[in-house]
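Colleague: after the sequence you'll find the predicted model.
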Protein chains: 4
Amino acid sequence: MLRWLTGGESHGRGLAVILEGVPAGLELRAEAVQRELARRRLGYGRGPRMRFEEDRLSILGGVRHGRTLGSPIVIEIANSEWERKWTEEMSPEPGVTARRLTAPRPGHADLAGMQKYGFDDARNVLERASARETAARVAAGAVAKALLGEIGVAILSHVVQLGSVKVTLDRLPTLEDLDRIDSSQVRCLDGEAEELMVAAVRAAAKEGDSLGGAVQVIAHGVPVGLGSYVHWDRRLDGRIAQALVSIPAVKAVSVGEGVEIAGLRGSLAHDAIVGPSLRRATDRAGGVEGGVSNGEPVVATAWMKPLATLNRPVIETVDLATGQSTRSFRERTDVTAVPAMGVVAEAMLALVLADEALRKFGGDSLTEFVRNTTAYLGHEARLPWREGSARS
Amino acid sequence: MLRWLTGGESHGRGLAVILEGVPAGLELRAEAVQRELARRRLGYGRGPRMRFEEDRLSILGGVRHGRTLGSPIVIEIANSEWERKWTEEMSPEPGVTARRLTAPRPGHADLAGMQKYGFDDARNVLERASARETAARVAAGAVAKALLGEIGVAILSHVVQLGSVKVTLDRLPTLEDLDRIDSSQVRCLDGEAEELMVAAVRAAAKEGDSLGGAVQVIAHGVPVGLGSYVHWDRRLDGRIAQALVSIPAVKAVSVGEGVEIAGLRGSLAHDAIVGPSLRRATDRAGGVEGGVSNGEPVVATAWMKPLATLNRPVIETVDLATGQSTRSFRERTDVTAVPAMGVVAEAMLALVLADEALRKFGGDSLTEFVRNTTAYLGHEARLPWREGSARS
Amino acid sequence: MLRWLTGGESHGRGLAVILEGVPAGLELRAEAVQRELARRRLGYGRGPRMRFEEDRLSILGGVRHGRTLGSPIVIEIANSEWERKWTEEMSPEPGVTARRLTAPRPGHADLAGMQKYGFDDARNVLERASARETAARVAAGAVAKALLGEIGVAILSHVVQLGSVKVTLDRLPTLEDLDRIDSSQVRCLDGEAEELMVAAVRAAAKEGDSLGGAVQVIAHGVPVGLGSYVHWDRRLDGRIAQALVSIPAVKAVSVGEGVEIAGLRGSLAHDAIVGPSLRRATDRAGGVEGGVSNGEPVVATAWMKPLATLNRPVIETVDLATGQSTRSFRERTDVTAVPAMGVVAEAMLALVLADEALRKFGGDSLTEFVRNTTAYLGHEARLPWREGSARS
Amino acid sequence: MLRWLTGGESHGRGLAVILEGVPAGLELRAEAVQRELARRRLGYGRGPRMRFEEDRLSILGGVRHGRTLGSPIVIEIANSEWERKWTEEMSPEPGVTARRLTAPRPGHADLAGMQKYGFDDARNVLERASARETAARVAAGAVAKALLGEIGVAILSHVVQLGSVKVTLDRLPTLEDLDRIDSSQVRCLDGEAEELMVAAVRAAAKEGDSLGGAVQVIAHGVPVGLGSYVHWDRRLDGRIAQALVSIPAVKAVSVGEGVEIAGLRGSLAHDAIVGPSLRRATDRAGGVEGGVSNGEPVVATAWMKPLATLNRPVIETVDLATGQSTRSFRERTDVTAVPAMGVVAEAMLALVLADEALRKFGGDSLTEFVRNTTAYLGHEARLPWREGSARS
């Protein structure tokens, strides 16, 4: 079972994550984590911050000689801008800011956060509410991906909607498509849609506006039997839903073709079981039935609203210092974060699946974890009628 | 902070829920819980089971003289069919079934559950995977609603899609609409749509088929500041997403207009802050910004797939006892459960909000909980510039 | 991983426990649970209540045909006195008591509970603070014992101190001693001490007084490697300490010879490792080193204060209704509960060890759990230098 | 509610702790944390490492301008020895050690840890099992102390036993005694005992041996009503027991006079309630009755075994590389860590109490937390008969 906490502010000294519960003996290289962090910065339409951001990574604990120790893994991501510009404004030492932000931005946590925590400076909110925090999730997700890789699970994502441009899918991408996806300017596999998406970003940029969209995130090779129907909070689809909607600006999620299927009749909506392999011809359920993984690819879609910070602030707000109506302050911003969000979604899905795999298979060392998984896949998960399994 | 566990099989002796963390002194009547359980059985298109089912309720613990004691609340819902038909088949005593179910139904947990737990009888899966389990959630949710009622939160739901029939909303229903909703055959507020929905159910019934759809669930009066952006798993929208997708057959969820907004530009997608009340003209965000409730109604949509059990089984499966292709066995079934699902969604939303309210406001007695809530609403949550709140 | 909640008041309709996380396929008979509940009533010096109490048990969920289903196990213990005497006083229906208890008993939660929850009737506290609640723990513990039995773990307890009479141990009792322990009037293995203990109980009874004491609880056959040093809250000894001190009236705990060893020099205080079996000549550590089970018997001592309710109330208190000094009210009481406490301590130790075993070995079915355990015991837990295990 | 994770190895780059759930607006200075870390290094009988160790502290997140932000607090403690000596041996980068430790030390997690995690080098165990890890707990505890200080709770500890030398207490030390305690060579308030203790340390040092002992840890000013009897795992004494026994080498704990009282009769063992203040003449219960704080000082004793690492290794073990009997390897060590352990015990007690206070009083800002606490102390916790509190 994994436990993890992240911390750190957007313009503070850095971010950190502590991830507890990873088995010992897993190969883990800083470069693997670094690579995922770099993928999080991908995408046409990212603003200047993404270019400045270098994610300088240190593994502070939990890894020795390239392998995990079973102890908590501590990863720190230093903020390269901190020393250049933010040492005073974001100092932990006593001090006062000369630049209170008092006009909360609609669409952000600014106002609700100020009221919840009793702040008079929106910076105290936005520093942690910022999506910068997802870098720590991606670091943790890189560890989860490494663990899942050892039992044959591979995770990827791609953009299926940017603004109003949607992709029509005719097949589920696999890990072999990932290079092409990542080298697309908008992490989109469909070349035609990509062009339209880039044009949409360009148009929005020109008008200081922003775009939302959607990504599909996919896990291949998930063993049958993760999650459970026995208690509501153990259902795999529910856990995936929380994990994805917890990504900043993601407001909707579907497991499999959840929205479309709701309009179909039952006779057309499910995935027939085909013998003798017990595989399915379709995967409308997104690999989860009754809250349990069914051996098909786990597939989910996450919809992201357009960024609420605009380079041309037009949304009305109130200056809390004066009570006057105004336009909200500007923070440096991207036009869209949908391509990057896919990488965060991969991390979140990996963390959920790794947690469920550890719950099911146990194991304090990688050897033990893999041995238990393999034994299960060779027994319970095989064709029962050939085995004559006996329990009533 | 609430903790709760449910148990019990669909055709077993009964269901139970233990709910820990409710303050002392809350008025709680068995009838209030009973009423919610009765609402869960509403809806045209329910099959014969719903008519048989009487939810015979006992409060076993946690309540004395009509008020909670602060101790765990124990509610048992006896199964009225148990004694008539299921005492042997579902006995906890040693025994053997004469009727193993070996042809797992696609769209259910049957096959994945058998593989996960090593069963050769799908009944061992379906008894707990059945939506009957949601009765225990509704009982717990009734307690959460009672608690929330004391701080002015009111929750309701209505059907916005049944099969392919969709409702066009021009306003957000309030508690005053609930009687009308509940007396609609399909829990739909729009009379025109209701007629089409009933017709759709009738048509599907005739063909032994089933229908999915969607409900909107709404919480009015939610205080600003529930949930938090400070850690991913404290985000209110993420928690709501898990709670709703954990309902059997719900495969997609949106907080606010999550799917539509993804296609809009940022300048059009957010909810302007209007002075001096700091209220919003729109509620596209569904009352949650940055993972925090913003004082507007909390609104979510849950999409449900059509029931996978059909009265005319046409979906292909494999008989695990023989390895032969077949059609899956029949269990007694409804045509659609969308109207009832709304009541379960209310319960789940209530449980999430009550938990977050207890986390924020604390309090071991109702008096203490309400006093803390009131004090906060009179201070932090008020217009900051009038108060001159001082912390930087 | 186990989760469990208990509920129910001492004189209410009954107690209930829901235990989530038990693998499917475990043989579980109501009689096995019943037997443990009967053992909890053992012991010379128990008052009349113990004779009235029959623990009428129902398994409401989670078990079919004598085996667990993997779903939450629901056990209800009806209160045989409820219908005879308590239906009004402890009714969940609205009502008023004619017998408010306003003179809180020192040594109980009465006063602190009234202040915490805002009560003016101590019955609202004592009904749940009563040790009657431990019956639900014993029921859950019976399930944990059954699970542990499948991997060779056996748990027992015996009284090592009653009042000022102490037992001198020359060996660790085993499961074979349990019948003799349970048939001792005070659950004591040492016949000489037993006589003195019975005399002490008799003398205290005559004077309306009560006695405390201590039990030793032992788990044989615990696999090496449960618990962990990697995080404070995963240390096995810490978890055992909480589990035992959480038993009503238990105020001190030791793992191994914790109190004695503190006064020894290091050279004399530890358990030498002897080859080639890697077993220990001594077990001063109580089977836990560095927070991890080391393969030796897990041994703990729990000290219990004398019951605070006396048949001759002499302890000063204040009547909260009048503000006057007084003696506290009487509830029916035992002279000592130390012998019974041992049975509760067994249950708590079993629940901790079962949880840790499930965490380490995983497994959704008994087959999977046992297979994983066996594979580990045949590999990692064996003599490493014979295997040439290779990881650095 | 507090959540916290620690990470980092003894000779790695550093330690880190992330503490989630602290209200916003709490004054927190790095120096306050630093001071507690320095106190952890106190004590005659500490070895050379304590002199080398400077705890170079950084607050990475959660604090701005001297006040907490409500976001997770991230504290990093760099290891000053890392760069001098351990960069290769403890590098996270791939590599091999030339110095495998293969003779596990009895009394440590070495052997059980190697078996649990499948290691062939005890360093992989001891680096995290080392008590160095408690520095991170002390850092987190410093934050908890600061929070508790705002509601009038003050925590301290002192040594009551070192080796076989015991202190006779005639009064409970208060915060005003802390300077004198900390300036004692062995953190002992009793000058006579101190001399004997120092002599005992000197004698043990000469013979390369080690000493255990006991500390008493005290919290003054704890509000009545923390913890609860309503569920076993909410009992305050149980939580304190886990927190203290989780400290490395602590094997026994008592809340109040837990061991002594077990031998007394009930009429002598409890704390009379005296009007009109409802205070107690004695505090044998250690401030906790029925699992709930009762307004008296919370007092616990923790017994620590003598350190298992000796400067003159005499305890038999087996070299796992050869199977031969041997003496275990030496790590640099102290003669006793009892004085320092008291500081860790303070931190653990503070973390438990802060968590329970946040659970009871809620509050996202310090203002809200303190306001709720104050209101409760002015109402529920006051003399009920003067108020005429009305709930039945």
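Modeller: That came through, no problem.

Colleague: residues in the stretch 101-250 of chain A within reach of chain C, list them.
Modeller: A:225, A:228, A:230-231 (C-beta under 8 Å from any C-beta of the partner chain). All C-beta atoms are positioned from the backbone trio N, CA, C, and that covers glycine.

Colleague: what pLDDT does the model give the closest residue to chain B within the stretch 101-250 of chain A?
Modeller: Nearest residue of the stretch 101-250 of chain A to chain B (C-beta to the nearest C-beta) works out as A:Ala109 at 2.3 Å. pLDDT for A:Ala109: 97.

Colleague: am I right that it is in contact with A:Ala129?
Modeller: Yes: taking contacts as C-beta atoms under 8 Å, A:Ala109 lies within contact range of A:Ala129: 4.1 Å.

Colleague: give me the common contacts of these two.
Modeller: Common contacts of A:Ala109 and A:Ala129, defined by C-beta atoms under 8 Å, 6 or more residues apart in numbering or on different chains, comprise B:229, B:290-291.

Colleague: got these as CSV, with distance to chain D and pLDDT columns?
Modeller: Output for the shared contacts of A:Ala109 and A:Ala129, formatted as CSV (distance: C-beta to the nearest C-beta, whole Å; pLDDT from 0 to 100):
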residue, distance to chain D, pLDDT
B:Tyr229, 8, 98
B:Gly290, 12, 97
B:Gly291, 12, 98
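
Colleague: and the residues you listed, which is closest to D:Thr373?
Modeller: D:Thr373 lies nearest to B:Tyr229 out of the shared contacts of A:Ala109 and A:Ala129, by C-beta to C-beta, at 25.3 Å.

Colleague: so that closest one, which of the three states?
Modeller: Recorded secondary structure, B:Tyr229: coil (DSSP: H, G, I helix; E, B strand; the rest coil).

Colleague: residues contacting the closest residue to it other than its chain neighbours?
Modeller: Excluding the flanking residues, the one nearest B:Tyr229 by C-beta to C-beta, 6 or more residues apart in numbering or on different chains is A:Ala129, at 3.9 Å. The neighbours of A:Ala129, taking C-beta under 8 Å, 6+ apart as the test, are A:108-110, A:113, A:248, B:229, B:290-291.

Colleague: could I have the buried ones of those residues as PyMOL selection syntax?
Modeller: Provided next is the PyMOL selection string for whichever of the contacts of A:Ala129 are buried by 16 or more other C-beta atoms under 10 Å in any protein chain shown:
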select buried, (chain A and resi 108+109+110+113+248) or (chain B and resi 229+290+291)
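
Colleague: save the contacts of A:Ala129 as TSV, and put in distance to C:Arg64 and secondary structure too.
Modeller: Formatted as TSV, the contacts of A:Ala129 follow (distance: C-beta to C-beta, whole Å; DSSP: H, G, I helix; E, B strand; the rest coil):
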residue	distance to C:Arg64	secondary structure
A:His108	52	coil
A:Ala109	48	coil
A:Asp110	54	helix
A:Gly113	50	helix
A:Pro248	45	coil
B:Tyr229	45	coil
B:Gly290	46	coil
B:Gly291	42	coil
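
Colleague: so stretch A:209-227, near chain B or not?
Modeller: Yes: with C-beta under 8 Å from any C-beta as the criterion, chain B is reached by stretch A:209-227 at A:209-214, A:224-225.

Colleague: average pLDDT for that stretch?
Modeller: Here stretch A:209-227 scores 97 as its mean pLDDT.

Colleague: one more: stretch A:187-204?
Modeller: Taken as a whole, stretch A:187-204 has an average pLDDT of 96.

Colleague: for chain D, give me its nearest residue in the stretch 201-350 of chain A.
Modeller: Of all residues in the stretch 201-350 of chain A, A:Pro248 sits closest to chain D, at 14.1 Å by C-beta to the nearest C-beta.

Colleague: helix or strand for A:Ala16, which one?
Modeller: Following DSSP states H and E, one finds A:Ala16 within strand A:14-20.

Colleague: the residue of the stretch 201-350 of chain A closest to chain D and B:Gly290 touch, don't they?
Modeller: Yes: if you go by C-beta under 8 Å, A:Pro248 and B:Gly290 touch, sitting 7.2 Å apart.

Colleague: once you drop chain neighbours, what's closest to the closest residue to chain C within the stretch 101-250 of chain A?
Modeller: Nearest residue of the stretch 101-250 of chain A to chain C, counting by C-beta to the nearest C-beta: A:Val230, 4.3 Å away. Excluding its sequence neighbours, the residue lying closest to A:Val230 (C-beta to C-beta, 6+ apart) is C:Ser71, at 4.3 Å.

Colleague: so that neighbour is in contact with B:Thr6, correct?
Modeller: No: using C-beta under 8 Å, C:Ser71 is not in contact with B:Thr6, being 9.7 Å away.

Colleague: mutual contacts of these two, please.
Modeller: Residues touching both C:Ser71 and B:Thr6 by C-beta under 8 Å, 6+ apart: A:His231.

Colleague: what helix or strand does A:Leu147 sit in?
Modeller: Counting by DSSP H and E, the element that carries A:Leu147 is helix A:134-149.

Colleague: and that helix, C-alpha only, in CSV?
Modeller: Written as CSV, here are the backbone C-alpha positions of helix A:134-149 (Å, rounded to 0.1, in the frame of the first residue of the first chain):
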residue,chain,number,x,y,z
THR,A,134,1.8,18.4,-10.1
ALA,A,135,5.6,18.1,-10.7
ALA,A,136,5.8,16.3,-7.4
ARG,A,137,3.0,14.0,-8.4
VAL,A,138,4.8,13.2,-11.7
ALA,A,139,7.9,12.3,-9.7
ALA,A,140,6.0,9.9,-7.5
GLY,A,141,4.2,8.6,-10.6
ALA,A,142,7.6,7.8,-12.2
VAL,A,143,8.3,5.4,-9.3
ALA,A,144,4.9,3.8,-9.6
LYS,A,145,5.4,3.3,-13.3
ALA,A,146,8.7,1.6,-12.7
LEU,A,147,7.1,-0.7,-10.2
LEU,A,148,4.2,-1.5,-12.6
GLY,A,149,6.6,-2.0,-15.4
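
Colleague: what's the weakest-modelled helix or strand in chain A?
Modeller: Lowest by mean pLDDT, DSSP states H and E among the helices and strands of chain A is helix A:384-387, with a mean of 48.

Colleague: if we can go back for a sec, tell me the contacts of the residue nearest to A:Val230?
Modeller: Counting by C-beta under 8 Å, 6+ apart, C:Ser71 makes contact with A:230-231, B:7, B:9, B:127-128, C:61-62.

Colleague: ok, 10 Å please
Modeller: Applying C-beta atoms under 10 Å, 6 or more residues apart in numbering or on different chains, we find C:Ser71 in contact with A:228-231, B:6-9, B:12, B:117, B:124-125, B:127-129, B:133, C:20, C:22, C:24, C:61-64.

Colleague: can you map out the strands along the stretch 151-300 of chain A?
Modeller: Ranges of strands in the stretch 151-300 of chain A, per DSSP state E, counting those that start in this stretch, are A:154-162, A:165-166, A:213-220, A:250-255, A:273-274, A:279-280, A:288-289, A:292-293, A:298-304.

Colleague: nearest to B:Thr333, out of these?
Modeller: Closest approach to B:Thr333 among the strands of the stretch 151-300 of chain A (C-beta to C-beta): strand A:288-289, 16.3 Å.

Colleague: who are the packing partners of that closest one?
Modeller: Applying 3 or more C-beta pairs under 10 Å, 6 or more residues apart in numbering or on different chains; DSSP states H and E, we find strand A:288-289 packed against helix A:236-245, strand A:298-304, helix B:110-117.

Colleague: distance to D:Thr301 for these - can I get that in TSV?
Modeller: Shown next, in TSV, are these (distance: least, C-beta to C-beta, whole Å):
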stretch	distance to D:Thr301
helix A:236-245	43
strand A:298-304	52
helix B:110-117	47
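
Colleague: thinking again about what came up before, turn the strands of the stretch 151-300 of chain A into CSV, columns for mean neighbour count.
Modeller: Output for the strands of the stretch 151-300 of chain A, formatted as CSV (neighbours: other C-beta atoms under 10 Å in any protein chain shown):
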stretch, mean neighbour count
strand A:154-162, 25
strand A:165-166, 21
strand A:213-220, 26
strand A:250-255, 30
strand A:273-274, 20
strand A:279-280, 18
strand A:288-289, 30
strand A:292-293, 30
strand A:298-304, 28
